[in-house]
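[1] Build me a structure from this.
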Amino acid sequence: MAFSIARTCDGCSACARRCPVAAITGQVGAPYAILADLCIDCGACGLACRRNAILTASGQIAPRLPLAQRPRPVIDSDRCNGCQMCVDFCAFACLRIIGPRYQGVVALANARACVSCGECAAVCSKGAIALVSGETAVLPKPFSGLAVGGEAA
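    A predicted model of the protein is given here:
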């Protein structure tokens, strides 16, 4: 089931700008709609909605978080093989490879552009990416690699 938009939507377009798969349609000033067949249930739209108009598949209001509290990808440099799959899948160009492909490691290059959709973690065949909240960045083992912003952890 996909997320949906309640009638309280004021048409600000924040949700549409944050959707990594362009599943949200509408015009500024009018209520938007989510195309269920395109929605990947990532919740990025809910994180951005100031009107609490985004509903989860179960009909609950999707959580909205301030930018500093939104989950961000954290890369385990020991597991990352630099294949670039996550970089290629990221619709917002948040990630980049440091070093040569298949020899380097991925880093979060643009944290402000990240919509916390989790597509990078989902596509990583090595399990080298975890989404971790900005204010509670206690990394689970074995995530001891690059922290948010590409800094050494």
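
[2] Could I get the contacting residues of the residue positioned nearest the centre of the chain?
    Geometric centre of the chain, nearest residue: residue 116, 2.0 Å, by C-alpha atoms, centre = their mean. Taking C-beta atoms under 8 Å, 6 or more residues apart in numbering, we find residue 116 in contact with 42, 43, 44, 47, 70, 71, 72, 131. C-beta coordinates here come from the backbone N, C-alpha and C atoms, glycine included.

[3] Looking at those residues, which is nearest residue 104?
    Distance to residue 104, by C-beta to C-beta, is smallest for residue 72 among the contacts of residue 116, at 19.6 Å.

[4] Next one: that closest one from residue 127, what distance?
    17 Å (C-beta to C-beta, to the nearest Å).

[5] swap in residue 75?
    From residue 75 across to residue 127, the span is 11 Å (C-beta to C-beta).

[6] How about residue 106?
    From residue 106 to residue 127 the distance is 13 Å (C-beta to C-beta).

[7] about what we covered before: same drill for residue 72 and residue 127, tell me which one is more crowded.
    residue 72 (19 against 12; other C-beta atoms under 10 Å).

[8] Which strand residues bridge the more buried one?
    In this entry, residue 72 is beta-bridged to residue 132, by DSSP bridges.
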